[in-house]
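# fold the following for me, if possible:
(one chain, ligands or ions: 1)
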Amino acid sequence: MVIDCHVHICAFKSPHGLMSEKLSNSLPFRFMRWKLGVAGSDASTERALEARLIELIGQTPRLDAVALLAFDAVYDRDGRVVQGNTHLYVTNDYAMELAARHPREILFAASVHPYRKDAIEEIERCVRGGAVVMKWLPIVQNFDPADPICIPFYEALAHYKLPLLSHTGVEHALPNLNKAVAYPALLKPALDRGVTVIMAHCGSRLWPWETDYVPTFVRMANDYELCFGDTSALNVPGRWYAFGSILNDHVVREKLVHGSDWPIVVVPPPTKVGFAEAFGLLGEPNWLRRDMMIKEKLGFDDAYWHRAAKVLRLAST
Ligand SMILES: [Zn+2]
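Numbers count the residues shown, from 1 in each chain. Model (predicted):
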């Protein structure tokens, strides 16, 4: 079973969630909407985006299903929602609803802010609702994974054997509230408590002047059996450099799981796949499929393509 463990969906209207005007009008989001042919910001936009995603999955023959990520709101340390800082919100119920509507193509990925007063109950509700993974983006959702407040959260994830997909390294598509929590080592308390952690983007940076956490990820993937990394967004030009470190380390190579970060645009690295090949790959308009085609050219092996299903405990093959 071949899974893409990192696929986003947007919600525009309550009760499904929200997208702030600031985010909606940002250049990357305007570009993505234009490329996907999705206009507006209401219930019909949600339906169009859902239909487009299902169509694109259907046009990606090697792909069996995607883990579709809910995205929790921002909370303060007292457990109150911070409305003004919440630019993207996709409720667990909406992600669950999409998975129920498309059981072949969509797996439910939950998102629960660890500072929520009802965090443990919500994890349990999501597990009952079929969650295959828990998604976090600490720099945007504004919390510190090393905060002791997270310990009961980790104990619950370990108890339910629900893996944690947590963003590491920089993020540019969404407004950042605390860049310091991009550091992968902050997830050690989760690993120490037996949680399977998938470090999204392998700790990579985008611009050369930003902090590069790939070496930290590589060290942790070597040190912790349950530490994995997803390859999502590594086909964004600034992150291409990360392929070298993660593919050249024989331990880390076995810890990589497939993720695209759709709907972000992916570009083939010409110095790694060849210029003619890169040009040809740009002709593939489906970014879910293009991302997989580039990774095939980069030499990702069969075990890699099947690893996400294993880590998410969906299949033994
Ligand atoms: Zn993402």
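
# going by C-alpha atoms from here, please, whenever you check contacts or count neighbours.
Noted.

# where do the helices sit along the stretch 51-200 of the chain?
92-101, 119-128, 138-141, 151-160, 188-192 (DSSP state H, counting those that start in this stretch).

# let's have those in TSV, adding distance to Ser44, mean neighbour count and mean pLDDT.
Output for these, formatted as TSV (distance: least, Cα to Cα, whole Å; neighbours: other Cα atoms under 10 Å; pLDDT from 0 to 100):
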stretch	distance to Ser44	mean neighbour count	mean pLDDT
helix 92-101	15	20	98
helix 119-128	26	17	98
helix 138-141	27	25	94
helix 151-160	35	18	98
helix 188-192	39	18	98
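
# would you format the ones you listed as TSV with distance to Asn222 included?
TSV is the format used below for the helices of the stretch 51-200 of the chain (distance: least, Cα to Cα, whole Å):
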stretch	distance to Asn222
helix 92-101	33
helix 119-128	29
helix 138-141	23
helix 151-160	20
helix 188-192	13
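
# Met293 is nearest to which of those helices?
When those are compared by Cα to Cα, helix 92-101 sits nearest Met293, at 25.4 Å.

# so which elements touch the closest one?
strand 65-69, strand 106-110 (3 or more Cα pairs under 8 Å, 6 or more residues apart in numbering; DSSP states H and E).

# of all the helices of the stretch 51-200 of the chain, which lies closest to Gly283?
Proximity to Gly283 (Cα to Cα) singles out helix 92-101 among the helices of the stretch 51-200 of the chain, at 29.5 Å.

# quick one on the thing from earlier: need the helices and strands packed on helix 92-101 in TSV (columns: mean pLDDT and distance to Asn178).
TSV is the format used below for the helices and strands packed on helix 92-101 (pLDDT from 0 to 100; distance: least, Cα to Cα, whole Å):
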stretch	mean pLDDT	distance to Asn178
strand 65-69	98	21
strand 106-110	98	22
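
# what sits up against stretch 220-234?
Contact with stretch 220-234 is made by 5-6, 185, 191, 194-202, 204, 217, 239-240, 242-243, 251-252, 255-261, 264, 266, as judged by Cα atoms under 8 Å, 6 or more residues apart in numbering.

# okay, and which of the residues you listed map to helices?
191, 217, 242-243, 251-252 (DSSP state H).

# show me the shaky parts of the protein.
In the predicted model of the chain, residues 316-317 satisfy pLDDT under 70.
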